[in-house]
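**Student:** Here is a sequence together with a model predicted from it:
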Amino acid sequence: MGIFARDESRATLAASRIARQATASLAGLLAGQGKTRSDLAAAMGVSPGRVSQIMSGDANLTVRTLAAVAEALDADVQITFRARGAASDAEACGSTGSPAVRSSGLPAHH
């Protein structure tokens, strides 16, 4: 395997991990708001099948998709880069609960 194939494979694995984190966070937010996938589909103006694709974590989740989900749920999305091995704020504070959808600090439109 060449170096480029190895880098592409690592990027693919990282993308899958990020998608799983996003969908787990989204599922937690939905549960916390007492909403279903059907509620999300209606709020986004998409089919329930599209929400299933998003929630599967297999879909290539774009920033636009994440933003649409956040707007539909009146939530924010936060994307944070940090060095591997660095504890997250929640881990550093001893929190075991997963965050809802995090935000880049951009306000949700009401």
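**Tutor:** That came through, no problem.
**Student:** which regions of this protein lie under the pLDDT threshold?
**Tutor:** When residues are selected by pLDDT under 70, those of the chain lie in 1-5, 59, 88-110.
**Student:** At the geometric centre of it, which residue do we find?
**Tutor:** residue 22 (2.0 Å; Cα atoms, centre = their mean).
**Student:** Isn't that one up against residue 65?
**Tutor:** No. Look at residue 22 against residue 65 with Cβ atoms under 8 Å: they stay out of range, at 9.4 Å. Just so you know, the C-beta spots here come from the backbone N, C-alpha and C atoms, and that holds for glycine as well.
**Student:** any idea where the helices of the chain begin and end?
**Tutor:** 3-33, 37-44, 48-56, 63-72, 89-92 (DSSP state H).
**Student:** could I get those as TSV with distance to residue 78?
**Tutor:** Compiled in TSV, the helices of the chain are given as follows (distance: least, Cβ to Cβ, whole Å):
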stretch	distance to residue 78
helix 3-33	10
helix 37-44	19
helix 48-56	18
helix 63-72	10
helix 89-92	10
